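A.B. asks: Using only what follows, build the 3D model:
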Amino acid sequence: MKAAVASLVLVLAVTYLDGQQFRYDYTYFRDINGWLKLQEIPANWQEARLRCHLEGSVLASPLDDALKSGMLSLIKNKTSCGIFTGIHATFSKGDYRSVEGVPLANIPHDWADYEPDNAGDNENCILMNPDGNFADVNCTETFQYVCYKKKTSTVAMASCGSVDSEYVLSKDTGNCYKFHKVPRTWSRAYMACSAEGGYLTIINNDKEAAFLRDLFAKNPAGQMIGSFWKDVAFIGFHDWNQHGEWLTINGETLQGAGYEKWSGGEPNNSSNGEYCGSIYRSALFNDLWCERPAPFICEKEPRSLLREHDDK
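C.D. replies: Residues are numbered from 1 along each chain as shown. This next block holds a predicted model:
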């Protein structure tokens with residue numbers, strides 16, 4: 001296993017030297033010196049912004065003709081409804097800026113017929129139609145959208161096949177792990193791990209549990225900011241709405257996954273509603289309230305975001 005890991009690190013180093021790899025699901029465009037990805041599943045504007053952010057990019061805006069051309073090429077024959085842009089006025093009504101802070105007045109644009117109309121005095125997000133024209137829309141509507149990652153000198157591939165240097169490679173499992181100090185609900189934690197090319201960690205044996213215990217120890221409560229429980233972390237098991245039966249996010253029993261060690265007195269469904277899986281600092285299992293934000297641990301395979309693709 002250790003020899004295989006060393007070989008993989010070398011492969012990832014070569015991939016980094018290629019200079020045009022961010023993640024396989026993004027396409028590199030020379031004209032914009034960056035990467036774009038069409039998110040085909042429609043979402044409201046806040047969800048769209050968050051998913052791009054969690055993937056290490058931003059909700060794309062046609063800041064110039066090259067970016068606009070790249071975005072339009074991605075949506076050609078893919079949508080007739082248009083796509084959300086990162087241009088919004090959610091902070092102050094009428095003050096439109098991109099998520100990078102560029103004012104609408106500095107972004108080349110043409111409005112669709114009868115736009116903007118601020119229908120119902122509740123349209124604070126900007127849609128780009130397939131013809132490139134803009135319309136203001138309600139931010140709670142759902143549309144497809146594009147994420148954008150600008151290429152910079154700091155975009156460097158780490159040993160875990162990601163530009164995210166917080167992932168740590170385990171030589172015993174061959175997988176990578178990240179401890180998230182910013183608390184999220186279990187569902188948001190699941191989303192964050194997925195966006196990073198991984199999943200909420202699933203413990204398969206005692207060695208993996210020991211690695212997670214050490215990882216937890218490197219993140220003491222004093223280093224976490226905020227008022228939340230700092231001695232538990234969400235991981236990848238859940239009761240799947242069948243209270244009392246615990247399965248991994250892949251549908252395996254805990255025993256079938258290879259590790260089922262609960263802390264004393266757990267699971268206890270304290271105060272009712274503890275239907276999501278977590279671990280204590282001891283790496284022993286605990287049931288936890290799904291909607292109460294907590295730290296969490298993601299796991300990913302080193303090659304999960306890597307695949308050869310052609311430049312545009």
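A.B. asks: The stretch 101-250 of the chain: strands as residue ranges?
C.D. replies: According to DSSP state E, counting those that start in this stretch, the stretch 101-250 of the chain carries its strands in the segments 125-128, 134-137, 143-150, 168-169, 176-184, 199-200, 232-238, 247-248.
A.B. asks: Mean neighbour count for the ones you listed - can I get that in JSON lines?
C.D. replies: Glycine gets a C-beta too; all of them are placed from N, C-alpha and C. Formatted as JSON lines, the strands of the stretch 101-250 of the chain follow (neighbours: other Cβ atoms under 10 Å):
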{"stretch": "strand 125-128", "mean neighbour count": "26"}
{"stretch": "strand 134-137", "mean neighbour count": "21"}
{"stretch": "strand 143-150", "mean neighbour count": "23"}
{"stretch": "strand 168-169", "mean neighbour count": "18"}
{"stretch": "strand 176-184", "mean neighbour count": "19"}
{"stretch": "strand 199-200", "mean neighbour count": "22"}
{"stretch": "strand 232-238", "mean neighbour count": "26"}
{"stretch": "strand 247-248", "mean neighbour count": "20"}
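A.B. asks: Tell me which of the ones you listed sits nearest to residue 267.
C.D. replies: Shortest distance between residue 267 and the strands of the stretch 101-250 of the chain, using Cβ to Cβ, is found for strand 232-238: 10.5 Å.
A.B. asks: For that closest one, name the packing helices and strands.
C.D. replies: Counting contacts by 3 or more Cβ pairs under 8 Å, 6 or more residues apart in numbering; DSSP states H and E, strand 232-238 packs against helix 186-195, strand 199-200, strand 247-248, strand 276-280, strand 285-288, strand 294-300.
A.B. asks: CA atoms only for that strand, dumped as CSV, please.
C.D. replies: Provided in CSV are the C-alpha atoms of strand 232-238 (Å, rounded to 0.1, in the frame of the first residue of the first chain):
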residue,chain,number,x,y,z
VAL,A,232,-18.0,15.6,18.0
ALA,A,233,-17.8,15.5,14.2
PHE,A,234,-20.3,14.3,11.6
ILE,A,235,-19.3,11.3,9.5
GLY,A,236,-21.0,9.1,6.9
PHE,A,237,-23.7,7.1,8.5
HIS,A,238,-27.4,7.9,9.1
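A.B. asks: of all the strands of the stretch 101-250 of the chain, which lies closest to residue 31?
C.D. replies: Proximity to residue 31 (Cβ to Cβ) singles out strand 143-150 among the strands of the stretch 101-250 of the chain, at 12.5 Å.
A.B. asks: Can you name every helix or strand that that closest one contacts?
C.D. replies: Where contact means 3+ Cβ pairs under 8 Å, 6+ apart, strand 143-150 is packed against strand 34-43, helix 45-54, strand 58-59, helix 65-75, strand 83-88.
A.B. asks: Could you single out the most deeply buried of these?
C.D. replies: Most buried of the helices and strands packed on strand 143-150 by mean neighbour count (mean count of other Cβ atoms under 10 Å) is strand 83-88; its value is a mean of 26.
A.B. asks: I'd like to check what contacts that one. Which residues are they?
C.D. replies: For strand 83-88, contacts defined as Cβ atoms under 8 Å, 6 or more residues apart in numbering pick out 38, 43, 45, 48-49, 52, 58-62, 71, 75, 96-100, 104, 107, 124-128, 134, 139, 143-146, 148.
A.B. asks: next one: stretch 251-260
C.D. replies: Counting by Cβ under 8 Å, 6+ apart, 202-206, 208-209, 237, 240, 246-248, 250, 285 sit against stretch 251-260.
A.B. asks: quick one: buried residues of that stretch?
C.D. replies: Across stretch 251-260, burial judged by 16 or more other Cβ atoms under 10 Å covers 254, 257, 259.
A.B. asks: which of these lies closest to residue 223?
C.D. replies: Using Cβ to Cβ, residue 259 comes nearest to residue 223 of the buried residues of stretch 251-260, at 26.6 Å.
A.B. asks: Roughly how far does the residue lying closest to the closest one once chain neighbours are set aside sit from residue 281?
C.D. replies: Excluding its sequence neighbours, the residue lying closest to residue 259 (Cβ to Cβ, 6 or more residues apart in numbering) is residue 203, at 4.2 Å. Separation of residue 203 from residue 281 (Cβ to Cβ, to the nearest Å): 14 Å.
A.B. asks: how about low-confidence regions in the stretch 201-312 of the chain?
C.D. replies: Within the stretch 201-312 of the chain, the segments meeting pLDDT under 70 span 308-312.
A.B. asks: Dump the strands of the stretch 101-250 of the chain to JSON lines, plus distance to residue 298.
C.D. replies: Shown next, in JSON lines, are the strands of the stretch 101-250 of the chain (distance: least, Cβ to Cβ, whole Å):
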{"stretch": "strand 125-128", "distance to residue 298": "29"}
{"stretch": "strand 134-137", "distance to residue 298": "33"}
{"stretch": "strand 143-150", "distance to residue 298": "19"}
{"stretch": "strand 168-169", "distance to residue 298": "11"}
{"stretch": "strand 176-184", "distance to residue 298": "5"}
{"stretch": "strand 199-200", "distance to residue 298": "7"}
{"stretch": "strand 232-238", "distance to residue 298": "9"}
{"stretch": "strand 247-248", "distance to residue 298": "14"}
